[in-house]
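Participant: Got a predicted model here, sequence first, then my questions.
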Amino acid sequence: MRKTLLIIGGSRGIGKAIALSLAGSGWNIWLTYRSNHAAAEETKKEIEKSGVVCRLFAFDVADYRATEEALGKACDETPPHALVYNAGIARDNLMVWMTREEWDTVISTNLNGFYNIMHVVLFPMLREKRGRIVVVSSTSGQIGQAGQVNYSASKAGLIGAAKALAREVGRKNILVNVVAPGVIETEMTEELPQDKIMPLIPLGRFGRPEEVASVVNFLCTEENMYIHGQVIGINGGLAI
Ligand SMILES: NC(=O)c1ccc[n+]([C@@H]2O[C@H](COP(=O)([O-])OP(=O)(O)OC[C@H]3O[C@@H](n4cnc5c(N)ncnc54)[C@H](OP(=O)(O)O)[C@@H]3O)[C@@H](O)[C@H]2O)c1
């Protein structure tokens, strides 16, 4: 029987690369996204080329009811073998200018969304007494980033949440880990000033989504696994 990955925010960028990587390993993919239907349909087509099944779920992770409605029944009937919490947004501004809306939107999506997803998926996974959870945080959550107080707070919050969760569910054979990407080539980073950031990266280049996906694939698929409650930086040396 094929295993199933539930990827939250899997239609574009890093999430898409993760979905394609696990599909390539023979996993069926349940892919969630918010509103970009065209990108999701395109990703689904690419996933299906691996001969696996791909189901799409469109909803806003910041909306508890919508999350429950979209995923509750499916996860209760067939708990996924791995869950990757990847959905995330940035609304950058210096703290002194940051609007309440910029703060709330980022925290609601990146951090409250984690609660909403966990509340729907965790109990079914616990029932199975097996599983892998990977949370996509960020270097900004590890070391902080000027202009990203909201984003850094949400991503640091995810690290704390994942570590605490790891302590709760380890005995149920659910392994929880975090990946913390640095600057990865996606739509989110298209506008960044390359000339200012590049000198800070010892490898001298931005990362590729596939380079995050290969680590997540390992954390989801490796059978000989004693990595639990860890934060794995994927940042070209940006944070050492
Ligand atoms: N790119 C980087 O350099 C970088 C570095 C460190 C960490 N990260 C983190 O890695 C993750 C992916 O980043 P990315 O650059 O690949 O982002 P991206 O290209 O903007 O893709 C974001 C994905 O999340 C979904 N999403 C966003 N808000 C959502 C919401 N409210 N409800 C449901 N789904 C939502 C999007 O769905 P739609 O397509 O429908 O919008 C899309 O599938 C994020 O958590 C980000 O913070 C990125």
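Facilitator: Happy to help now that I have it.

Participant: State the three-state secondary structure for the residue of the chain positioned farthest from its centre.
Facilitator: Largest separation from the mean C-alpha position in the chain: Val96, at 28.8 Å (CA atoms, centre = their mean). Following DSSP: H, G, I helix; E, B strand; the rest coil, the label given to Val96 is coil.

Participant: ok, it to the ligand distance?
Facilitator: From Val96 across to the ligand, the span is 23 Å (CB to the nearest ligand atom, to the nearest Å). Where C-beta positions appear, they are placed from N, C-alpha and C, glycine not excepted.

Participant: Can you tell me how far that residue is from Ala146?
Facilitator: 11 Å (CB to CB, to the nearest Å).

Participant: Next one: the nearest residue to Arg130 once chain neighbours are set aside from the ligand, what distance?
Facilitator: Nearest residue to Arg130, sequence neighbours excluded (CB to CB, 6 or more residues apart in numbering): Asn173, at 4.9 Å. In this view, Asn173 and the ligand are 26 Å apart by CB to the nearest ligand atom.

Participant: same thing with Glu101?
Facilitator: Going from Glu101 to the ligand by CB to the nearest ligand atom gives 14 Å.

Participant: Counting neighbours, which bits of the strand or helix carrying that residue end up buried?
Facilitator: Take DSSP states H and E as the rule and Glu101 turns out to sit in helix 100-106. Buried residues in helix 100-106, defined by neighbour count with 16 or more other CB atoms under 10 Å: 102-103, 105-106.

Participant: What is the burial count for the residue nearest to Ala62 when sequence neighbours are not counted?
Facilitator: With sequence-adjacent residues excluded and distances taken as CB to CB, 6+ apart, Ala62 is closest to Ser108, at 4.0 Å. If you count neighbours by other CB atoms under 10 Å, Ser108 ends up with 17.

Participant: OK, contacts around the residue positioned nearest the centre of the chain?
Facilitator: Among the residues of the chain, Asn86 comes closest to the average C-alpha position under CA atoms, centre = their mean, at 1.6 Å. Going by CB atoms under 8 Å, 6 or more residues apart in numbering, Asn86 touches 7-10, 14-15, 18, 136.

Participant: Sweet, I'm off.
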